[in-house]
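Novice: Take a look and give me a structure for this.
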Amino acid sequence: MTIVRQLAFMMILSLTSWCAQAQVGPGNPGNPPEGDPDVVPITGLEYLLIGGGVYGASRLMRRKKEKSSDK
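Specialist: Below is the predicted model:
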């Protein structure tokens, strides 16, 4: 039963955030975008991917080190 509640909670949370994003109005089309248009900013997802890669690499290095010390 707890899995069903967790799933329902996650669905409600994601739908609520989706609806909140859908209600945001468009920006002012008359103003040009600021900054260099060729530069893409790093968002939160990229930080999570980089952090996961660093964590995975450190785990692999630690495992190799433990394997080499066991032999």
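
Novice: immediately after the strand or helix carrying Val4, which helix or strand?
Specialist: Assigned by DSSP states H and E, Val4 falls within helix 2-22. The helix or strand immediately downstream of helix 2-22 is helix 44-70, counting by DSSP H and E.

Novice: starting at the chain centroid, how far to that following helix?
Specialist: 18 Å (C-alpha atoms, centre = their mean, to the nearest Å).

Novice: now that helix: mean pLDDT?
Specialist: Helix 44-70 carries an average pLDDT of 89.

Novice: residue nearest the centroid of this protein?
Specialist: Nearest residue to the geometric centre of the chain (C-alpha atoms, centre = their mean): Leu45, 2.9 Å.

Novice: where's that residue relative to Leu60, distance?
Specialist: 23 Å (C-beta to C-beta, to the nearest Å). Bear in mind the C-beta positions are built from the backbone N, C-alpha and C, glycine included.

Novice: just to revisit the earlier point, helices or strands next to the helix holding Val4 in the packing?
Specialist: Contacts defined by 3 or more C-beta pairs under 8 Å, 6 or more residues apart in numbering; DSSP states H and E place helix 2-22 against no helix or strand at all.
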